[in-house]
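Asker: A structural model of the following input is requested.
(2 chains)
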2 protein chains.
Amino acid sequence: MAWAQSPKIHGLLLDITGVLYNSGEGGGAAIAGSVDAVSSLRTADIPVRFCTNETQVTCRKLVEKLRRLGFDDIEENEVFSPVPAVVTELKRRRLRPHLLVHSAALPDFDGLDTSDPNAVVVGDAAEYFTYDRLNEAFLVLMKSPDVVLFSLGMGRYYCETDGLKMDNGAFTRALEYASGKTAEIIGKPAKSYFLSAVNRLGVSAESVVMIGDDVVSDVGGAQQAGLRGVLVRSGKYRPTDEHHPDVKPSGIVDDLAQAVDIILRGQ
Amino acid sequence: MAWAQSPKIHGLLLDITGVLYNSGEGGGAAIAGSVDAVSSLRTADIPVRFCTNETQVTCRKLVEKLRRLGFDDIEENEVFSPVPAVVTELKRRRLRPHLLVHSAALPDFDGLDTSDPNAVVVGDAAEYFTYDRLNEAFLVLMKSPDVVLFSLGMGRYYCETDGLKMDNGAFTRALEYASGKTAEIIGKPAKSYFLSAVNRLGVSAESVVMIGDDVVSDVGGAQQAGLRGVLVRSGKYRPTDEHHPDVKPSGIVDDLAQAVDIILRGQ
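Answerer: This next block holds a predicted model:
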């Protein structure tokens, strides 16, 4: 596989949902072979970061869930999620957010001033994307041209154990259209987001491979930032993704286990 | 006012919500002067059609509401709404719709086969735009590339007596983004829709003025179809609408009463 051979791979970014596990009722289920694949990367001493747009829970809860599913050596500081990034940005610009996020994710926003909001943050609120909550966020956006809209990633949809669900990118598009504003994207597929993750790995972008199940957000986003992007046929993958009009994956594999096999044979 | 003088006006299209009345709890309220303005047009023998994207109720209920508000000579066949147009289109193409519409609008779709749907129709479902209902519509769209998405207009928002509400255009954008499909728009601002309404008036497009409170959907849409588009400062109007980047209204007036005054003086 050409994608695994040159330039030599010095680091990996792994999407979490749809690559390590499928989400759903009861916490979801690990994808066959993924636990062993991560262990093999550790053994081979290839540095890994977990790069997710998951914003339905706090980072800590996400790591606890991954450990319960068998990924028992994952540390919180290896997980790269948009929430800490947007909190830093809000503080830097002294913005007071209205949070359209899942209630389980709220603790990661503790300590921010949310009075008289002049920004809206859209995470994966899932069942909290009610008509009333969307209208509340819309009214904040309409207060003034200066109110800023942030979207934590721009996912189209994801796969839960009971089927596909619309992701927050769709609801961001709804708010953009109604308000006439354009969201600032924090998370995949923003180029700056991939480059921050690469920076944490301490290697060059061209030596890093991103592995994900979202052809646009994971694969296309990584490629835009100078990484290789490999698509897995697990998670929300659909056969039409292999013929995407804009994104041509660097490689396509059945799952993380197969990707890691190929990588380790190429080292 | 140049817009009212040449070419001579031979017909009017009037938006309903925000021009005749403001919607809201208890059926809403007529806008001051609008009842008399419509009467004056009748007296002056200027043909009028009422051109709405209102899809929260059946056409019959809408006319009953307008009569209760004082517009007592409005007939159902003078109201031009997207629902009959989409029903005709669904029948012509033998499509079976999944209806993401307000429950009060359902009777207008009676008699259509909705089993094993191969189309989705998005109306102004308002509080029926729940997370679960949006996901149901999304799953129908994802069944096959052949499933068609129809949107009854592409309104951004409208004004109720208790404030602004997101309109169905926003939810259509959410479904478009999640599914990767592009909606076929039935209603304002589709050019074909304005031309059908002009055809009903039996006059030429350049002799018709559309009066509405939506700078894009009413004013811009009418202009694209060769009509004049006049913006009222009632309903959901906001001062920024007068400096829209793409749409320059043919005229701007305080309300329907003022528009009709100007028109009748110019006749």
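
Asker: interface residues of the stretch 51-200 of chain A facing chain B?
Answerer: Proximity of the stretch 51-200 of chain A to chain B, by CB under 8 Å from any CB of the partner chain, involves residues A:126-132, A:134-135, A:138-139, A:142, A:145, A:156-157, A:163-167, A:169-171, A:173-180. All C-beta atoms are positioned from the backbone trio N, CA, C, and that covers glycine.

Asker: go with 10 Å
Answerer: A:125-135, A:137-139, A:142, A:145, A:154-157, A:163-167, A:169-180 (CB under 10 Å from any CB of the partner chain).

Asker: Let's see which of those end up in helices.
Answerer: In this view, those that belong to helices under DSSP state H are A:131-135, A:137-139, A:142, A:169-179.

Asker: so what's A:Met210 bridging to?
Answerer: Counting by DSSP bridges, A:Met210 forms beta bridges with A:Leu13, A:Gly229.

Asker: wait, doesn't it sit right on A:Gly221?
Answerer: Yes. Using CB atoms under 10 Å, A:Met210 makes contact with A:Gly221 at a distance of 7.8 Å.

Asker: Quick one: end-to-end length of stretch A:63-81, please.
Answerer: Start-to-end span of stretch A:63-81 (CA to CA, to the nearest Å) is 11 Å.

Asker: Hmm, I typed the wrong one, I wanted stretch A:159-166.
Answerer: In stretch A:159-166, first residue to last residue: 9 Å (CA to CA).

Asker: Buried residues, it. List them.
Answerer: Neighbour counts over stretch A:159-166 (16 or more other CB atoms under 10 Å in any protein chain shown) mark A:Cys159, A:Glu160, A:Leu164, A:Lys165, A:Met166 as buried.

Asker: How much space separates A:Asp132 from B:Phe171?
Answerer: Applying CB to CB, to the nearest Å, the value for A:Asp132 to B:Phe171 is 14 Å.

Asker: To clarify, my last question referred to A:Asp110.
Answerer: As judged by CB to CB, A:Asp110 and B:Phe171 stand 32 Å apart.

Asker: And the two? Which one has more around it.
Answerer: Per other CB atoms under 10 Å in any protein chain shown, whichever of A:Asp110 and B:Phe171 has more neighbours is B:Phe171, with 29 against 8.

Asker: ok, and the closest non-adjacent residue to that one?
Answerer: B:Phe129 (5.3 Å; CB to CB, 6 or more residues apart in numbering or on different chains).

Asker: Wait, the one you found touches B:Gly169, no?
Answerer: No. Here B:Phe129 lies out of contact with B:Gly169, judged by CB under 10 Å, at a distance of 11.9 Å.

Asker: Going by how many neighbours each has, rank the two and give me the top one.
Answerer: Taking neighbours as other CB under 10 Å, B:Phe129 and B:Gly169 compare with B:Gly169 leading, 27 against 24.

Asker: wait, doesn't the more buried one sit right on A:Ala178?
Answerer: Yes. With contact defined as CB under 10 Å, B:Gly169 counts as touching A:Ala178 (7.5 Å).

Asker: Name the residues contacting each of the two.
Answerer: B:Gly155, B:Arg156, B:Tyr157 (CB atoms under 10 Å, 6 or more residues apart in numbering or on different chains).

Asker: give me the subset of those residues touching chain A.
Answerer: Answer for the shared contacts of B:Gly169 and A:Ala178 near chain A (CB under 10 Å from any CB): B:Gly155, B:Arg156, B:Tyr157.

Asker: which of those has the most neighbours?
Answerer: Going by other CB under 10 Å, B:Gly155 tops these with 29 neighbours.

Asker: give the contact list for it.
Answerer: Here B:Gly155 is in contact with A:177-178, B:17, B:53-55, B:124, B:165-170, B:172, B:187-189, B:214, B:216-218, B:236 (CB under 10 Å, 6+ apart).

Asker: Show me the helices in chain A, by range?
Answerer: Counting by DSSP H, the helices of chain A are A:34-43, A:59-68, A:82-92, A:131-142, A:168-179, A:191-201, A:221-224, A:256-266.

Asker: Centre of the chain to the lowest-mean-pLDDT helix or strand in chain A, how far?
Answerer: Sorted by mean pLDDT, DSSP states H and E, the helices and strands of chain A end with strand A:157-160, the least confident at a mean of 86. Offset of strand A:157-160 from its chain centre (CA atoms, centre = their mean, to the nearest Å): 12 Å.
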